[in-house]
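In: sharing a model that was predicted from the sequence below.
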Amino acid sequence: MKKLITSIPNLLLAVLMCLVLSGCSTTGVQVTDESPWQPIQFDTQVNALDIDFIDDKKGFLVGSNRLIMETNDGGQTWEERSLDISGEENFRLLDIDFNGNEGWLIGQPSLVMHSVDAGKNWIRLSLGNKLPGQPFLITTVDANKAELATTAGAIYETSNSGESWEAKVVDASGSGGVRDLRRTKEGDYVSVSSLGNFFSTLDKDSDTWVAHQRASSKRVQSIGFNPDGNLWMLSRGAEIRFNQDNNDLENWSKPIIPILNGYNYLDMGWDSNDVIWAGGGNGTLIASNDGGNSWYLDPVASSLPTNYIKILFFNNDLSEQPKGFILGERGYILKWNG
């Protein structure tokens with residue numbers, strides 16, 4: 001009788017957990033035997049924050065503490081480079097983007113640089129002192145033309161290599177500040193407010209952000225576009241959601257919670273085999289090859305003492321084969337060999 005009485009609270013707890021999770025899609029996650037990822041560890045301990053390629057072999061990596069590295073073998077090996085910046089200035093290089101030999105590079109605080117010779121030389125541009133927020137995202141649109149988005153949700157366009165910038169957004173406050181921000185190749189934007197309490201969209205033909213409620217009470221961690229142009233959302237509590245209709249951004253899938261280990265997912269990406277990858281804290285990297293219905297843990301990623309903060313896949317006409325990288329902290333990245 002004593003054993004029966006003792007087990008009742010545990011039974012009630014189990015029932016309660018079932019009720020809580022009844023509105024969620026949860027799956028068992030096992031570690032797979034093989035991995036398509038090759039770990040690369042740099043001598044430096046700074047964090048890699050972005051990568052872009054000029055052609056199949058040549059590319060650049062940027063990161064915190066003025067980090068800029070170059071590869072000439074498709075990302076297998078990297079060598080540190082330097083920028084013509086005063087040694088007293090310490091920038092967090094956030095984003096780099098190339099279109100052919102022309103490229104743009106941004107950092108915080110208030111750094112914008114431009115190259116027309118495949119990154120051999122960089123020209124630093126003045127943004128003045130009235131720019132709302134800090135540079136957050138840069139896109140090389142065409143020759144001499146680029147779009148710059150800031151942490152305040154402002155977006156500016158230049159058509160003369162940065163000599164002048166024209167505002168594309170009437171009122172940047174509609175974005176709520178920027179915690180995360182993505183752009184499609186066509187020019188549509190989506191952002192997460194700085195507090196994660198809502199997200200906003202900006203159509204390529206519009207000059208006004210449109211705010212949308214988040215899918216649940218959990219604050220949004222990050223948001224982005226899948227290869228079809230539909231949105232995905234990562235929320236606190238390690239929740240994953242998908243939207244199947246860009247015309248109905250209030251309608252999201254039930255939260256998918258593949259694994260609860262106390263760490264949130266920070267980014268998602270689709271490789272060329274349509275495998276979905278989600279990375280986060282404490283070496284967490286999970287994958288799904290059936291659209292998110294079931295998931296598995298990557299064995300190589302989980303063995304590294306790092307947090308995965310950005311997932312990038314490259315598949316364009318310049319590449320002999322698709323490329324993929326996952327950027328971690330403390331000098332770690334993963335190279336995809338899928």
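Out: That came through, no problem.
In: please make it C-alpha for all contacts and neighbour counts, starting now.
Out: Noted.
In: any regions of this structure where pLDDT drops low?
Out: Scanning the chain with the threshold set as pLDDT under 70 gives 1-28, 129, 316-319.
In: the stretch 51-200 of the chain: strands as residue ranges?
Out: Under the criterion DSSP state E, counting those that start in this stretch, the stretch 51-200 of the chain contains strands at 59-63, 68-71, 79-80, 92-99, 102-108, 111-115, 123-125, 135-142, 145-150, 155-158, 166-167, 180-183, 189-192, 198-202.
In: mean neighbour count and distance to residue 337 added to the ones you listed, as CSV?
Out: Below are those laid out as CSV (neighbours: other C-alpha atoms under 10 Å; distance: least, C-alpha to C-alpha, whole Å):
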stretch, mean neighbour count, distance to residue 337
strand 59-63, 25, 17
strand 68-71, 19, 16
strand 79-80, 13, 20
strand 92-99, 24, 23
strand 102-108, 24, 26
strand 111-115, 21, 30
strand 123-125, 16, 34
strand 135-142, 22, 27
strand 145-150, 22, 31
strand 155-158, 20, 36
strand 166-167, 14, 41
strand 180-183, 20, 25
strand 189-192, 25, 30
strand 198-202, 23, 34
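In: can you add distance to residue 29 and give the ones you listed back as TSV?
Out: Formatted as TSV, these follow (distance: least, C-alpha to C-alpha, whole Å):
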stretch	distance to residue 29
strand 59-63	32
strand 68-71	35
strand 79-80	37
strand 92-99	33
strand 102-108	38
strand 111-115	42
strand 123-125	47
strand 135-142	34
strand 145-150	37
strand 155-158	40
strand 166-167	46
strand 180-183	27
strand 189-192	28
strand 198-202	29
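In: now for those, which one comes closest to residue 44?
Out: strand 79-80 (9.7 Å; C-alpha to C-alpha).
In: separation between residue 240 and residue 108?
Out: 30 Å (C-alpha to C-alpha, to the nearest Å).
In: tell me the contacts of residue 309?
Out: Residue 309 is in contact with 49, 266-267, 279-280, 326-329, counting by C-alpha atoms under 8 Å, 6 or more residues apart in numbering.
In: return the subset of these lying in strands.
Out: The strands, defined by DSSP state E, take in 49, 266-267, 279-280, 326-328 from those.
In: which of these tops the neighbour count?
Out: Comparing the ones in strands among the contacts of residue 309 by number of neighbours (other C-alpha atoms under 10 Å), residue 326 comes first, having 30 neighbours.
In: quick one: which helix or strand includes the closest residue to that residue other than its chain neighbours?
Out: Distance criterion C-alpha to C-alpha, 6 or more residues apart in numbering; nearest residue to residue 326, sequence neighbours excluded, is residue 311 at 4.5 Å. Using DSSP states H and E, residue 311 sits in strand 308-314.
In: in its sheet, what does that strand sit against?
Out: Here strand 308-314 has these sheet partners by DSSP bridges: strand 323-328 (antiparallel).
In: CA atoms of the very next helix or strand once past the strand it pairs with as PDB?
Out: Next helix or strand after strand 323-328 toward the C-terminus (DSSP H and E): strand 332-336. C-alpha atoms of strand 332-336 as PDB (Å, rounded to 0.1, in the frame of the first residue of the first chain):
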ATOM      1  CA  TYR A 332      34.800  26.200 -34.300                       C
ATOM      2  CA  ILE A 333      33.000  25.800 -37.600                       C
ATOM      3  CA  LEU A 334      31.600  22.700 -39.400                       C
ATOM      4  CA  LYS A 335      32.000  22.100 -43.100                       C
ATOM      5  CA  TRP A 336      29.400  20.100 -44.900                       C
END
